[in-house]
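# Predicted model and sequence follow; I will ask about them next.
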Amino acid sequence: QYYYLETHVEGQVIAYDEGFQSQFPLLIKDFASHPFTKFLRDDVMQSGSGVAIRRVKYRRKFYTQYARLDANDPVIKSYIFDFSVANEINAIRESEERYRAIVRQVSQGILLVDPQSLTIIEANQAYGNLVGYDCENIATMTLPDLISGDRPILTHLIESVLESRREICRESLHRHQDGSLIEVEEEISLIGYSTHKVICFAVKDISHRKQTERDLQQSVKEKEILLKEIHHRVKNNLLVVSSLLDWRSESLMDPALQSIFAESQRRIDTIALIHEKLYGTKDLAQIDFGDYLETLAVQIFESFSVNESNPNRIKLAFDLTPIYLNIETAMPCGLIVNELLLNTFKHAFPDQRRGIVHLMLKPQPPDSYLLIVEDDGVGFPDNFDHTETDSLGWQLINLLTTQLDGAIHIRRGNGAQIELVFARQDYHRRV
């Protein structure tokens, strides 16, 4: 880029073009001190050819002034060149070429889009291979030709990038030449390209990953169905065993044997109830243990028919926090509660005594749980020691408490209160 200036050999300004006027407007009124007018005849003639070239600094910028004087003409004609503009253009072109070379070489698909018209400016070979088009053909398309989605949606997406000036990542569908849709992951950003801004789509094919995810989801779904069926079959098989014990106990004449069979049957029912609850939950790994305890207590209460001859003689009360436990924790804990409730209904309310049985479950910070079974019945004998007893039920309770890394505390007073503090048990793979 250059500007034209005519000066007299004595220094007066004769003429200049519009470019000179627009580039140096503040100096037009004071040409005498203008650096470009201090080009006297002697300066030109000293070159020996009537032509002189010099470098002039103006406002931290350097210009090259080319001046010529004819022997019979006192007018010096100057051309002032601003090579900085040319240098900037060359730098932009070199930068653009380097950028193009990088874009062509990267393995990730690159798509450059004009944000106003949504036309494709450039695409690299990796993207062409992805969608099955030549890069030259892609350059004749628009963004809606390649990406699944209405034009208003794509326009809104581009506007979001322009307004926020932040990168947007999303999953999308791109159209292949054969009409199929390719699942891709896009990183959309605003970049400088040549002399203007463009939208860059960095595209990665995720079809294989998405298909793997779908296969895994289907596999998990199939395993969930299988696990539900296992819980259902285990529950049914346990109920068959329970029914066999019930059927066999009916032929026994000895009340002690009948009691043994009945207790064994209830233990089996307690385990079956765990599998029934697991079968009915979305999460097959754990159950709402509070809900399970309430169902278990009502089931045992009804099996004893404690209020058959005297309605409302014994009442159940619950204060159960919804706590989810896995089967490794719920199974032994459920059996402990079964034994405690059996003992309560058998011994706490003799001679038609009225009372309340209260179950409480709550978290015990930092990582334990507190289970309380209490009643206002006759209580335990003064000399009772649950660790030194021949009772099969209490021996089972002690064994299961150890399995839970727990502890049993018995409090005497108005009735009996049994506290069980236990920890959640993690699953350990068994080979």
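Yep, it's here. Numbers count the residues shown, from 1 in each chain.
# Show me what secondary structure element comes after the helix or strand harbouring Gln265.
Assigned by DSSP states H and E, Gln265 belongs to helix 255-279. Next along the chain after helix 255-279, taking DSSP H and E as the criterion, comes strand 286-288.
# Adjacent strands (with direction) for that next one?
Applying DSSP bridges, strand 286-288 is found paired with strand 324-326 (antiparallel).
# Provide the contact partners of the strand it pairs with at residue level.
The contact list for strand 324-326 (Cβ atoms under 8 Å, 6 or more residues apart in numbering) reads Asp283, Ala285, Gln286, Ile287, Asp288, Phe289, Cys333, Arg424, Gln425, Asp426, Tyr427. Every C-beta, even on glycine, is put in place using the N, C-alpha and C of the backbone.
# re earlier: buried stuff in the helix holding Gln265?
261-263, 265-279 (16 or more other Cβ atoms under 10 Å).
# Poorly predicted segments of the stretch 251-400 of the chain, please.
278-279, 282-284, 305-311 (pLDDT under 70).
# Kindly apply the preceding question to the stretch 51-200 of the chain instead.
51-66, 68-71, 82-105, 192-195.
# residue boundaries of the helices in it?
83-105, 125-131, 135-138, 143-146, 151-164 (DSSP state H, counting those that start in this stretch).
# buried residues in the fourth one?
It stands for helix 143-146. So for helix 143-146, counting by 16+ other Cβ under 10 Å, buried means Leu143, Pro144, Leu146.
# which other helices and strands contact the helix holding Gln265?
helix 207-249, strand 286-288, helix 289-304, helix 327-347 (3 or more Cβ pairs under 8 Å, 6 or more residues apart in numbering; DSSP states H and E).
# Quick one: residues in contact with it.
For helix 255-279, using Cβ under 8 Å, 6+ apart, the contacting residues are 228, 231-232, 234-235, 238-239, 241-242, 245-246, 248-249, 252, 284, 287-288, 291-292, 295-296, 299-300, 303, 327, 330-331, 334-335, 337-338, 342, 393.
# Just the angle for it relative to helix 327-347, thanks.
140 degrees (axes from the mean of the first three to the mean of the last three Cα atoms, to 10 degrees).
# What is the neighbour count of the residue nearest to Asp426 when sequence neighbours are not counted?
Excluding the flanking residues, the one nearest Asp426 by Cβ to Cβ, 6 or more residues apart in numbering is Glu328, at 7.0 Å. Neighbourhood size, Glu328 [other Cβ atoms under 10 Å]: 17.
# any idea how far Glu328 is from Thr401?
Separation of Glu328 from Thr401 (Cβ to Cβ, to the nearest Å) stands at 15 Å.
# what does Arg170 give?
54 Å.
# Check Gln352 too.
From Gln352 to Thr401 the distance is 33 Å (Cβ to Cβ).
# neighbour-wise, which of those two wins?
Using other Cβ under 10 Å as the criterion, Gln352 and Thr401 rank with Thr401 on top: 19 against 10.
# residue contacts, the more buried one?
Ile336, Ala407, Ile408, Leu420, Phe422.
# Could I get the CA-only coordinates of the helix or strand harbouring it as CSV?
Here Thr401, judged by DSSP H and E, is contained in helix 392-403. The C-alpha trace of helix 392-403 is given here as CSV (Å, rounded to 0.1, in the frame of the first residue of the first chain):
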residue,chain,number,x,y,z
LEU,A,392,-30.4,-72.4,70.0
GLY,A,393,-32.1,-69.0,69.2
TRP,A,394,-29.6,-67.0,71.3
GLN,A,395,-26.7,-69.0,70.1
LEU,A,396,-27.7,-68.1,66.5
ILE,A,397,-28.1,-64.5,67.5
ASN,A,398,-24.6,-64.4,69.0
LEU,A,399,-23.1,-66.1,65.9
LEU,A,400,-24.8,-63.7,63.5
THR,A,401,-23.8,-60.7,65.6
THR,A,402,-20.2,-61.7,65.3
GLN,A,403,-20.7,-62.1,61.5
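# please renumber so the chain begins at 51
Got it, first residue is 51 now, which makes that one helix 442-453.
# roughly how far is that helix from the heart of the chain?
Centre-to-centre, helix 442-453 and its host chain are 44 Å apart (Cα atoms, centre = their mean, to the nearest Å).
# try stretch 179-189
33 Å.
# and if you look at stretch 381-391?
The answer for stretch 381-391 is 40 Å, by Cα atoms, centre = their mean.
# Starting from the helix or strand containing Glu424, tell me which strands it pairs with and how they run.
Assigned by DSSP H and E, Glu424 belongs to strand 418-425. When sheet partners are counted by DSSP bridges, strand 418-425 sits next to strand 405-414 (antiparallel), strand 465-473 (antiparallel).
# now the angle between helix 442-453 and the last one, please.
Using the same axes, to 10 degrees, the interaxial angle of strand 465-473 with respect to helix 442-453 works out to 30 degrees.
# mind saving the C-alpha coords of strand 465-473 as PDB?
Presented in PDB, the C-alpha positions along strand 465-473 are these (Å, rounded to 0.1, in the frame of the first residue of the first chain):
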ATOM      1  CA  GLY A 465     -39.700 -54.900  80.100                       C
ATOM      2  CA  ALA A 466     -36.700 -55.600  78.000                       C
ATOM      3  CA  GLN A 467     -34.700 -53.700  75.500                       C
ATOM      4  CA  ILE A 468     -32.200 -55.400  73.100                       C
ATOM      5  CA  GLU A 469     -29.900 -53.100  71.200                       C
ATOM      6  CA  LEU A 470     -27.900 -54.400  68.200                       C
ATOM      7  CA  VAL A 471     -25.200 -52.200  66.800                       C
ATOM      8  CA  PHE A 472     -23.800 -53.500  63.500                       C
ATOM      9  CA  ALA A 473     -21.800 -52.500  60.400                       C
END
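# if I look at Ile447, how far off is Asn122?
128 Å.
# quick one, which of those two is more surrounded?
Ile447 (24 against 5).
# The more buried one and Val387 touch, don't they?
No: counting by Cβ atoms under 8 Å, Ile447 does not reach Val387; the two are 9.5 Å apart.
# Derive a ChimeraX selection command for the buried subset of the contacts of strand 374-376.
Remark: buried members of the contacts of strand 374-376, expressed as a ChimeraX selection using 16+ other Cβ under 10 Å:
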select :336,337,338,339,383,474,475
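# quick one: which of the contacts of strand 374-376 is nearest to Asp369?
Phe339 (13.5 Å; Cβ to Cβ).
# quick one: contacts for that closest one?
Ile373, Tyr374, Leu375, Thr379, Ala380, Cys383, Leu411.
# Try it again at 7 Å.
Ile373, Tyr374, Leu375, Ala380, Leu411 (Cβ atoms under 7 Å, 6 or more residues apart in numbering).
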